[in-house]
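>>> Fold the following.
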Amino acid sequence: MREQFAEILKQTQNNQIAQMDLVIDNERYTRMFRPKERLILLGAGHIAQPLCEIASMLGFAVIVVDDRPLFANHPRFPQAEQIVCDAFPHAIEHLHIHAGDYVAVITRGHRYDTDCLRTLLAGTMPRYLGMLGSKRRTVALLHMLAQEGFAQDKLDSIHTPIGLDIGALSVQEIAVSIAAQLVQTRRRGLDRRSKSHILTEETFRADVVEDIVSNPLKKALLLVYETSGSTPVKSGSFMTVNEMFQAKGTIGGGCSESAVLRDAFHLIGTGESKCVTVDMNNDVAAEQGMVCGGQMKIFLTDLNEV
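Sure thing, here's the model as predicted:
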């Protein structure tokens with residue numbers, strides 16, 4: 001199984017979606033591994049600051065672009081993974097936008113919005129493209145770009161005005177509405193059923209996967225493959241424990257995780273697997289203050305060749 005994780009690491013480092021198929025209780029389950037998605041903020045104004053913070057918490061790799069050094073800097077955007085201080089068209093070309101990217105055009109003016117859209121529309125369309133502005137102004141801009149010959153299907157895919165309609169007024173509320181639309185796009189088409197054989201969680205946990213691949217210590221894998229009711233994590237969440245009883249990742253924390261970790265620890269070096277059920281509806285859970293009230297089924301397996 002280490003070889004599987006090595007291939008997953010290689011694919012995600014090449015910005016490809018990877019998957020792992022597992023047979024658990026005579027059923028085949030698929031765990032997808034989606035590389036960290038880039039969110040490119042074109043404009044470093046007041047909306048960009050809370051949006052960068054929220055998007056970073058949601059797991060996006062945020063890149064902030066602006067042509068003003070007083071705005072495009074790390075003290076203003078400590079959560080950003082990259083800050084580019086350059087003219088918008090030049091920056092867009094050098095970022096090499098690809099089909100898995102998310103792009104928010106939130107510049108300081110109509111001229112800069114136009115420059116951004118012309119450059120973006122001439123290349124590969126990102127998974128998400130939204131533009132800030134009033135409906136009247138954005139409709140006029142899109143009409144102008146259509147007359148310039150840009151494909152109508154590309155223009156129709158632009159989210160404008162940007163963000164979900166939640167009645168946002170403040171800068172922070174607008175940032176929340178945009179972040180909500182990013183999540184909506186990310187989760188579109190995802191099977192949310194807790195008992196689906198395509199596991200819900202797709203986040204690529206680089207720290208856990210790299211540890212599986214490169215850390216020579218023997219270890220066991222813990223993978224949540226089914227949930228019901230309210231649980232702290234969804235199916236697809238995983239972690240490891242090694243022979244020194246050191247853990248990487250989480251399947252929800254608390255006393256339940258600790259108990260399952262001990263079960264997994266005892267599998268290390270045996271070449272064996274087992275399934276356990278964590279019930280959060282029982283009296284013990286209530287006494288210990290667990291508020292989830294659901295059930296998780298967890299697959300435990302030794303990760304080492306025997």
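
>>> which residues of the chain score low on pLDDT?
Along the chain, segments meeting pLDDT under 70 span 189-196, 281-293, 305-306.

>>> who does the top strand by length along it pair up with?
Ranked by residue count under DSSP state E, the longest strand found in the chain is strand 219-228. Take DSSP bridges as the rule and strand 219-228 pairs in its sheet with strand 238-242 (antiparallel), strand 295-302 (antiparallel).

>>> For that strand, which residues meet the burial criterion?
219-227 (16 or more other C-beta atoms under 10 Å). C-beta coordinates here come from the backbone N, C-alpha and C atoms, glycine included.

>>> Then stretch 203-221?
By 16+ other C-beta under 10 Å, the buried positions in stretch 203-221 come out as 204-205, 208-209, 211-213, 219-221.

>>> Tell me the one of those residues nearest residue 302?
Taking C-beta to C-beta as the measure, residue 220 is the one of the buried residues of stretch 203-221 closest to residue 302, at 5.4 Å.

>>> got a list of what the closest one touches?
Under the criterion of C-beta atoms under 8 Å, 6 or more residues apart in numbering, the neighbours of residue 220 are 240-241, 264-265, 267-268, 300-303.

>>> could you redo the residues you listed as TSV and give each row neighbour count and distance to residue 63?
Listed next are the contacts of residue 220 as TSV, based on neighbours: other C-beta atoms under 10 Å; distance: C-beta to C-beta, whole Å:
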residue	neighbour count	distance to residue 63
240	25	30
241	26	35
264	25	38
265	18	40
267	21	41
268	20	40
300	21	38
301	20	37
302	21	40
303	20	34
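
>>> How are the helices of the chain distributed by residue range?
In the chain, the helices defined using DSSP state H lie at 2-13, 48-57, 88-95, 110-121, 135-147, 152-156, 171-187, 206-214, 254-265, 283-287.

>>> right, so of those helices, which gets closest to residue 69?
That would be helix 88-95 among the helices of the chain, by C-beta to C-beta, at 13.4 Å.

>>> can you state the direction angle for the closest one and helix 110-121?
Here helix 88-95 runs at an angle of 30 degrees relative to helix 110-121 (axes from the mean of the first three to the mean of the last three C-alpha atoms, to 10 degrees).

>>> distance between helix 88-95 and the chain's centre?
24 Å (C-alpha atoms, centre = their mean, to the nearest Å).

>>> for it, packing partners?
On a contact count with 3 or more C-beta pairs under 8 Å, 6 or more residues apart in numbering; DSSP states H and E, helix 88-95 meets strand 38-42, strand 61-66, strand 82-85, helix 110-121.

>>> The first one: how far from the chain's middle?
From the chain centre to the centre of strand 38-42 is a distance of 14 Å (C-alpha atoms, centre = their mean).

>>> ok, now the third one?
Between the centre of strand 82-85 and the centre of its host chain there is 21 Å, according to C-alpha atoms, centre = their mean.

>>> likewise stretch 174-183?
14 Å.

>>> picking that back up, CSV please, covering the strands paired with strand 219-228 and showing distance to residue 53.
Putting the strands paired with strand 219-228 into CSV (distance: least, C-beta to C-beta, whole Å) gives the following:
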stretch, distance to residue 53
strand 238-242, 26
strand 295-302, 30
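
>>> between those strands, which one is nearest to residue 100?
For residue 100, the closest of the strands paired with strand 219-228 is strand 238-242, at 22.3 Å, according to C-beta to C-beta.

>>> beta partners for the residue lying closest to residue 17 once chain neighbours are set aside?
Sequence neighbours aside, residue 34 is the residue nearest to residue 17 in space, at 5.4 Å (criterion: C-beta to C-beta, 6 or more residues apart in numbering). Beta bridges link residue 34 to residue 203, judged by DSSP bridges.

>>> now residue 278
Bridge pairing for residue 278 - DSSP bridges - gives residue 296.

>>> Look up how far residue 204 lies from the residue nearest the centre of the chain.
A centroid search over the chain (C-alpha atoms, centre = their mean) returns residue 59, at 4.5 Å, as the residue closest to the centre. According to C-beta to C-beta, to the nearest Å, residue 59 and residue 204 sit 9 Å apart.
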